[in-house]
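Student: Dropping a prediction and its sequence here:
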Amino acid sequence: MFKELVYPINKQTTSMLTGDQEKVRKINKSIVLNMLRLHAPISRAQVANLTGLNRGTVSNIVTVLIEEGLVFEDEQQGSGIGRPAISLGLRPDGGAVIGVEIGVDFVAVLLTNFIAETIWETRVQIDPAGSQTGIIGQAEQLIDHALAIANGKLLKPLGIGVGLPGLVNVHQGNLMMAPNLHWRNVPLRLMWNQRFHLPIYIENEANLSALGEYYFGVARNVDNFIYLSAGIGLGGGIVIGGKLFRGGHGYAGEIGHIQRDPLGEQCGCGRIGCWETQVGPRAVLHRVKKELETHSDQLLLEACSGDVDNLTFELVVKFALEGNTLCRQAIEEVAVSLGMGIADMVHVFNPELVLIGGNFIQAKDILQPIIEKTIFANILQPCADGLRVAFSERGANDCVLGAIAIVLDDILREMVIS
């Protein structure tokens, strides 16, 4: 499978050969592990057939992975004729993975085993106006708790994935800018490397949500799709050819800050008329509150104790689904704006799937038909062929599952834990 390398023999080339051989071994281990993730239970012979690796190489790799506690083998029940086949699988107790999401008003932490089964999870509200130090400290305490649980179950921690609501330099592991948290230049990977002494994977929350859907959700094994995450802001994750599209420094996907109305509302980033001011849950609330200034709705006002500042997106969705015209109209108007913007993105990326997550899942029944109608009415016909629009089924867990996935993705694509 790998072309033989030929060098004049000296100390330098011996070192090069050793390095190349070690790299090949790591890649082969990753190939075998990923095959087990996708197809277990599976035999050594099937792994060799699917990967193109020779059987001797597969057998040697499997032996090492069993010794490292990452893979188990078990006899398959057959017809009773001949020697029974030995099936392979990933060991759930091969290690522990921690996923973290620091949102604008919450911190979520998920602890799983090596096959991404949940061991413990929590989600706590935070004050968006709180100090950066205080919020990061809260997250660290929750991670400490997750590590203590992993230790109690004798699971080796493999890494921590972290989703953040802003521009992340994935090469440096720095949060460069989080408009809705008002954070800038936070070297979180360095900080947590030093504190936890584990591999730390820092990524934009929408990118992680897309990765979580690719590994565990609606987009499983869909190689080209766009994920839109609607919360306080609007983020996007773009997967091309089965890999996250990050751009030059990791800032790709900031779709919420595409300007769509130069005369519109001011965005949290400081610019005017960003797309997220038109289509996020805040845009729905803004429309409802504006209507209430001229059209009183007694039932709605009573539900928020007479103060429109108590109005929540959840409450608006509830009233809309129960037939409230004012609330339903606000959501429908946002759905049209969302569909128009998605149509533009379809022309740029030609995805197989547009996947919507975050808070908008609550209003799926109202949003989906309008978004689909708007998209298909505004895209060129060839771009519509095979295009699907779907909503996430994972809800608020998209990002932390993606944070788990980014750790496993690194391990399964190129072994780093040996």
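Tutor: Received, thanks.
Student: For Phe106, give me phi and psi.
Tutor: The phi and psi values for Phe106, taken as degrees, to the nearest 10, are phi -160, psi 160.
Student: Distance check, it against Gln298.
Tutor: From Phe106 over to Gln298 the distance is 32 Å, taken as Cβ to Cβ, to the nearest Å. In short, each C-beta sits where N, CA and C put it, glycine included.
Student: the more surrounded of those two?
Tutor: Regarding Phe106 and Gln298, a neighbour count based on other Cβ atoms under 10 Å identifies Phe106 as having more, with 16 against 8.
Student: residue contacts, the more buried one?
Tutor: Going by Cβ atoms under 8 Å, 6 or more residues apart in numbering, Phe106 touches 123-126.
Student: Ranking by neighbours, what's the top pick from the residues you listed?
Tutor: With neighbours taken as other Cβ under 10 Å, the top of the contacts of Phe106 is Ile126, carrying 17 neighbours.
Student: Looks like that residue contacts Asp105 (just checking).
Tutor: Yes. Contact criterion Cβ atoms under 8 Å: Ile126 and Asp105 qualify, at 6.0 Å.
Student: and the next element down the chain from the helix or strand containing Ile27?
Tutor: Using DSSP states H and E, Ile27 sits in helix 11-39. Using DSSP H and E, the helix or strand that follows helix 11-39 in sequence is strand 42-43.
Student: what mean pLDDT would you report for that following strand?
Tutor: For strand 42-43, mean pLDDT is 90.
Student: could I get the contacts of Phe106 as CSV with secondary structure and pLDDT?
Tutor: CSV is the format used below for those (DSSP: H, G, I helix; E, B strand; the rest coil; pLDDT from 0 to 100):
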residue, secondary structure, pLDDT
Arg123, strand, 95
Val124, strand, 95
Gln125, strand, 93
Ile126, coil, 90
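Student: So which of these is the closest to Thr312?
Tutor: In terms of Cβ to Cβ, no member of these lies closer to Thr312 than Gln125, at 13.1 Å.
Student: which residues in the stretch 251-400 of the chain form helices?
Tutor: 276-279, 281-292, 298-303, 313-321, 325-349, 364-377, 381-384, 398-413 (DSSP state H, counting those that start in this stretch).
Student: can I get these in TSV with mean pLDDT and distance to Val168?
Tutor: Output for those, formatted as TSV (pLDDT from 0 to 100; distance: least, Cβ to Cβ, whole Å):
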stretch	mean pLDDT	distance to Val168
helix 276-279	87	17
helix 281-292	88	22
helix 298-303	86	38
helix 313-321	93	26
helix 325-349	94	20
helix 364-377	96	28
helix 381-384	93	30
helix 398-413	87	12
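Student: and Val239, which of the ones you listed is closest to it?
Tutor: Among those, the nearest to Val239 by Cβ to Cβ is helix 325-349 (9.6 Å).
Student: What are the buried residues along that closest one?
Tutor: For helix 325-349, a neighbour-count test (16 or more other Cβ atoms under 10 Å) marks 326-328, 330-335, 337-346, 349 as buried.
Student: Can you give the distance of it from its chain's centre?
Tutor: Centroid separation for helix 325-349 versus its chain: 23 Å, with Cα atoms, centre = their mean, to the nearest Å.
Student: any low-confidence regions in the stretch 101-250 of the chain?
Tutor: Scanning the stretch 101-250 of the chain for pLDDT under 70 picks out no residues.
Student: With only the CA atoms kept, save stretch 230-250 in PDB.
Tutor: Only the C-alpha atoms of stretch 230-250 are listed here, as PDB (Å, rounded to 0.1, in the frame of the first residue of the first chain):
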ATOM      1  CA  ALA A 230     -29.200  29.200  16.200                       C
ATOM      2  CA  GLY A 231     -28.800  30.400  19.800                       C
ATOM      3  CA  ILE A 232     -28.200  33.900  21.000                       C
ATOM      4  CA  GLY A 233     -26.100  34.200  17.800                       C
ATOM      5  CA  LEU A 234     -26.100  32.400  14.500                       C
ATOM      6  CA  GLY A 235     -23.200  30.100  13.600                       C
ATOM      7  CA  GLY A 236     -22.400  27.800  10.800                       C
ATOM      8  CA  GLY A 237     -20.400  24.600  10.300                       C
ATOM      9  CA  ILE A 238     -19.400  23.500   6.800                       C
ATOM     10  CA  VAL A 239     -18.300  20.000   6.000                       C
ATOM     11  CA  ILE A 240     -16.800  19.300   2.600                       C
ATOM     12  CA  GLY A 241     -15.500  15.900   1.600                       C
ATOM     13  CA  GLY A 242     -16.100  14.600   5.100                       C
ATOM     14  CA  LYS A 243     -13.900  17.200   6.800                       C
ATOM     15  CA  LEU A 244     -14.700  20.500   8.500                       C
ATOM     16  CA  PHE A 245     -13.900  23.500   6.300                       C
ATOM     17  CA  ARG A 246     -12.100  25.800   8.600                       C
ATOM     18  CA  GLY A 247     -10.500  28.300   6.200                       C
ATOM     19  CA  GLY A 248      -6.900  29.700   6.600                       C
ATOM     20  CA  HIS A 249      -7.000  30.100  10.400                       C
ATOM     21  CA  GLY A 250     -10.200  28.400  11.500                       C
END
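Student: what pairs with Ala96 across the strands?
Tutor: Taking DSSP bridges as the rule, Ala96 bridges to Asn113, Pro157.
Student: surely it meets Gly152?
Tutor: No. Judged on Cβ under 8 Å, Ala96 makes no contact with Gly152 at a distance of 10.5 Å.
Student: Of these two, which one has the most company?
Tutor: Ala96 (24 against 8).
Student: And that one, how close does it get to Gly173?
Tutor: Here the distance between Ala96 and Gly173 works out to 21 Å (Cβ to Cβ).
Student: got it, and Leu412?
Tutor: In this view, Leu412 and Gly173 are 20 Å apart by Cβ to Cβ.
Student: before we move on, what about Ile61?
Tutor: Computed with Cβ to Cβ, the distance linking Ile61 and Gly173 is 30 Å.
Student: likewise Gly103?
Tutor: Distance of Gly103 to Gly173, computed by Cβ to Cβ: 19 Å.
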